[in-house]
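Participant: Structure for the following, please:
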Amino acid sequence: MMDELRKFFQSRGGFVVAGLVGFIGVAAVIYAVKANFGTTEAEDFTNNRWFIDADTGKPFRHELKPGMTVPIAAPSGKNTGYPAERCYWTKDGHVKQEPTLVLLNSYKGSKDPTFCPDCGRLVVGHNPAPVGQMKPPPTQAEYKSR
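Facilitator: As a prediction, this is how the structure comes out:
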């Protein structure tokens, strides 16, 4: 039995099979190392942030690097990229799955409060995501009446 295997692996077909098995083994090791020691979902969420170009109003993703300052270079080519805040609300006060990305007025040089262009509700820095039966933020009309 061992003699037959030895003869097979010394042949051209055996050499090809051994090469394929070795390649699959190396690929499996690389995959296992990347899966266990690569970036996690939390790391990706932390390092790859959403920004908004203040000139165009378009959102874009950007990887954070040590020493970066805001504003960052936006796709428009200017340093007009500011962190985006997420708004998870609808006009009628319900929670939605995909957030609207909002640029705060303070980044535009305005002291006026920021309201989501989609739902019209107040958006603040580090805008909290809805939890449980959380009450929605006020609309622009509700905010002005206070």
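
Participant: wait, what's in contact with the closest residue to F15 other than its chain neighbours?
Facilitator: Using Cβ to Cβ, 6 or more residues apart in numbering and skipping residues adjacent in sequence, the residue nearest F15 is F9, 7.0 Å away. Quick note: C-beta positions are derived from backbone N, CA and C, even for glycine. F9 makes contacts with 15, 17-18, as judged by Cβ atoms under 8 Å, 6 or more residues apart in numbering.

Participant: same deal with F37?
Facilitator: Per Cβ under 8 Å, 6+ apart, neighbours of F37: none.

Participant: now do the same end-to-end measure for stretch 46-58.
Facilitator: Using Cα to Cα, to the nearest Å, one end of stretch 46-58 lies 20 Å from the other.

Participant: Would you mind listing the buried residues in that stretch?
Facilitator: 51-54 (16 or more other Cβ atoms under 10 Å).

Participant: what do you get for stretch 66-81?
Facilitator: Using 16+ other Cβ under 10 Å as the test for burial, stretch 66-81 gives 72, 74, 80-81.

Participant: pLDDT on that stretch, on average?
Facilitator: Averaged over stretch 66-81, pLDDT sits at 93.

Participant: for the protein, where's the lowest mean pLDDT among helices and strands?
Facilitator: The helix or strand of the chain with the lowest confidence, counting by mean pLDDT, DSSP states H and E, is helix 41-47 at a mean of 74.

Participant: Find out how far the lengthiest strand in the chain is from the centre of the chain, if you would.
Facilitator: What stands out as the longest strand in the chain, according to DSSP state E, is strand 95-102. Strand 95-102 sits 14 Å away from the centroid of its parent chain (Cα atoms, centre = their mean, to the nearest Å).
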